[in-house]
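Novice: got a predicted model here, sequence first, then my questions.
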Amino acid sequence: MLDIKFLRDNPDIVRQNIKNKFQDAKLPLVDEVIALDAENRAIVQEANDLRSNRNKLSKQIGGLMAKGQKEEAEAVKKQVNEQSARLAECEAKETELAEKIRKIMMVIPNIIDPSVPIGKDDSQNVEIEKFGEPVTPDFEIPYHTDIMERFNGIDLDAARRVAGNGFYYLMGDIACLHSAVISYARDFMVARGFTYCVPPFMIRSDVVTGVMSFAEMEAMMYKIEGEDLYLIGTSEHSMIGKFIDQILPEAELPYTLTSYSPCFRKEKGAHGIEERGVYRIHQFEKQEMIVVCRPEESKEWYDKLWQNTVDLFRSLDIPVRTLECCSGDLADLKVKSCDVEAWSPRQQKYFEVGSCSNLGDAQARRLKIRVNGEGGRKYLAHTLNNTVVAPPRMLIAFLENNLQADGSVRIPEALRPYMGGKELLIPKQ
């Protein structure tokens, strides 16, 4: 969310930013919020003047009563009552206008970084760099669920009977592989200085609206009926929410946290949930990383975060590339974002396995996350997040890139301690 003062002083920059994000329908909101802001500031000024004048008149009443000028005192009391009534009207109007302004400001997108390429949608995202050599074996690679079924490692039919499409049972070696990847990712991030955390898996609505746009909220979040609670779509939500309405000591920054959680997503508008696969599902587990830092450090941390994911995938012999998200593919709160994509030998292309985002002070402004700087100066923190690993998609990349011609799956050396020392997974079928 933008600072209203920034919008007031730089309306053309805000309008151009909206155009760059191909959200022209939001352009009238700029003039609307400027008009509401002017009206609100006038009301605030009038209310302040009324309070000041009322205090002066109240003092006069005491002086007049002391002099025995009761009639004059009653006349002044009448003025005080009239002004109090008007003040109540002003305060009610001030509350109404402030809420209208807040709702509009929550919809106007954040200012994107100048380095972000201008493009309408994800088809115009830009490749940055490749890591590792994509390999295509000389044998056919089956669909990922077919590989899992050879290990008796997945049961989609049972999951469909129990919960519907978009769910799965993982079993045996594949379930162990899933847990091993999560544990390895945890230790990988702890070794890089991040503090491990298991957060709440449900959050209140004020946290939801603090960490994401209304459009994202509608498309992603499951609400608990009858309660002010939502299931998290990623642990970033509760991890950033941890700092809501806090004033953080500058000396303690940055906070670098890595968190495990299940994730729940409606996947609204995802053109249906694929019945056979685990690429797009309603429930999965993930290891996440988040950073809360000083504004001048956020660009440096952005580069560190995506590099962590690249390094983790390369340690498991999975080729990846980074892809700069264009303006039209950025969610409204994001300043800059890149995707990490893994190589799929079966599809002969890369696919998304993680996303790194710098949100500037947008989440901090919504959640009132401030820093107590030198001399008591208060300022908003910057927040960033990135996927360490989400095993359903990671399993696809892992199985395809480590599948052997005889149907076995090679376990990279880094993961073997988490798989009981196994070097190979041998299919049951």
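Specialist: Received it, and whenever you're ready, just let me know what you need. Numbering: from 1, shown residues only.
Novice: who does the helix or strand hosting S337 touch, helix- and strand-wise?
Specialist: Taking DSSP states H and E as the criterion, S337 maps to strand 336-344. For strand 336-344, the elements it packs on are helix 298-315, strand 320-324, strand 349-358, helix 391-402, judged by 3 or more CB pairs under 8 Å, 6 or more residues apart in numbering; DSSP states H and E. In this view, the C-beta of every residue, glycine as well, is placed from N, C-alpha and C.
Novice: what about the residue nearest to A180 when sequence neighbours are not counted, neighbour count?
Specialist: Leaving out its chain neighbours, the residue that sits closest to A180 by CB to CB, 6 or more residues apart in numbering is Y418, at 3.7 Å. By other CB atoms under 10 Å, 20 other residues sit near Y418.
Novice: over to the one 5 residues further on?
Specialist: With neighbours defined by other CB under 10 Å, the count for E423 comes to 11.
Novice: what's the answer for the one 3 residues further on, then?
Specialist: The burial metric for I426, expressed as a neighbour count using other CB under 10 Å, is 12.
Novice: what about it, distance to P412?
Specialist: 16 Å (CB to CB, to the nearest Å).
Novice: average pLDDT for the strand holding S337, rounded please.
Specialist: Averaged over strand 336-344, pLDDT sits at 97.
Novice: with just CA atoms, put it into CSV.
Specialist: Extracted C-alpha coordinates of strand 336-344, given in CSV (Å, rounded to 0.1, in the frame of the first residue of the first chain):
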residue,chain,number,x,y,z
LYS,A,336,10.1,-6.8,-7.8
SER,A,337,9.8,-10.6,-8.2
CYS,A,338,11.6,-13.5,-9.9
ASP,A,339,10.6,-17.1,-10.4
VAL,A,340,13.0,-20.0,-10.0
GLU,A,341,12.1,-22.7,-12.6
ALA,A,342,13.4,-26.3,-12.7
TRP,A,343,14.2,-28.3,-15.8
SER,A,344,11.7,-30.9,-16.8
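Novice: for the residue nearest to C325 when sequence neighbours are not counted, give the beta-bridge partners.
Specialist: Residue nearest to C325 in three dimensions, not counting chain neighbours: S337, with 4.3 Å by CB to CB, 6+ apart. Applying DSSP bridges to S337 gives these bridge partners: S357.
Novice: which residues are in contact with S337?
Specialist: Under the criterion of CB atoms under 8 Å, 6 or more residues apart in numbering, the neighbours of S337 are C325, D329, L330, A331, S355, C356, S357, N358.
Novice: contacts only, for the first one.
Specialist: Taking CB under 8 Å, 6+ apart, we find C325 in contact with V116, D122, N125, K334, K336, S337, C338, D339, S355.
Novice: the residues you listed: which two are farthest apart?
Specialist: The distance between the two most remote of the contacts of C325 (CB to CB) is 15.1 Å, for D122 and K336.
Novice: who's more crowded, these two?
Specialist: K336 (21 against 13).
Novice: counting neighbours, what do you get for V340?
Specialist: Quick note: V340 (other CB under 10 Å) scores 26 neighbours.
Novice: show me what contacts it?
Specialist: Taking CB under 8 Å, 6+ apart, one finds 306, 309-310, 313, 320-323, 352-356, 387 in contact with V340.
Novice: gap between it and I396?
Specialist: 14 Å.
Novice: closest to R294 among the contacts of C325?
Specialist: Nearest to R294 among the contacts of C325 is K336, at 16.8 Å by CB to CB.
Novice: P142 contacts R346, correct?
Specialist: Yes: here P142 lies in contact with R346, judged by CB atoms under 8 Å, at a distance of 7.5 Å.
Novice: so for these two, which sits in the more crowded spot?
Specialist: R346 (19 against 16).
Novice: OK, contacts around the more buried one?
Specialist: I141, P142, Y143, H144, E400.
Novice: can you list these in CSV and add pLDDT and distance to I4?
Specialist: Below are these laid out as CSV (pLDDT from 0 to 100; distance: CB to CB, whole Å):
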residue, pLDDT, distance to I4
I141, 96, 54
P142, 95, 55
Y143, 94, 51
H144, 95, 48
E400, 97, 49
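Novice: among those, who's most crowded?
Specialist: For those, the largest number of neighbours (other CB under 10 Å) sits with H144, at 24 neighbours.
Novice: hang on, that one packs against I396?
Specialist: Yes: the pair H144 / I396 is scored as a contact, 4.5 Å apart, by CB under 8 Å.
Novice: quick one: N385 is in a strand?
Specialist: Yes: residue state for N385 (DSSP: H, G, I helix; E, B strand; the rest coil) corresponds to a strand.
Novice: residue contacts, the closest residue to K336 other than its chain neighbours?
Specialist: The shortest distance from K336 to any non-neighbouring residue, by CB to CB, 6+ apart, is to D113 (4.2 Å). For D113, the contacting residues are V335, K336, N358, by CB under 8 Å, 6+ apart.
Novice: going by distance to F6, which of those residues wins?
Specialist: V335 (13.5 Å).
Novice: quick check: the closest one vs M289, distance?
Specialist: Taking CB to CB, one finds V335 at 17 Å from M289.
Novice: and I174, by the same measure?
Specialist: 25 Å.
Novice: looking at these two, which has the bigger crowd around it?
Specialist: A direct count of neighbours by other CB under 10 Å for I174 and M289 places M289 higher, at 27 against 23.
Novice: show me what the more buried one is bridged to.
Specialist: Assigned bridge partners for M289, using DSSP bridges, are T258, N386.
Novice: now swap in L403 and tell me
Specialist: What pairs with L403, by the bridge criterion (DSSP bridges), is V409.
Novice: low-confidence ranges in the chain?
Specialist: Scanning the chain for pLDDT under 70 picks out 61-62, 64, 66, 268-276.
Novice: 50 instead, please
Specialist: Residues of the chain meeting the criterion pLDDT under 50: 270-271.
Novice: chain neighbours aside, what residue packs nearest to D122?
Specialist: D329 (4.5 Å).
Novice: the residue nearest to A180 is in contact with S183, isn't it?
Specialist: Yes: under the criterion of CB under 8 Å, Y418 makes contact with S183 at 5.1 Å.
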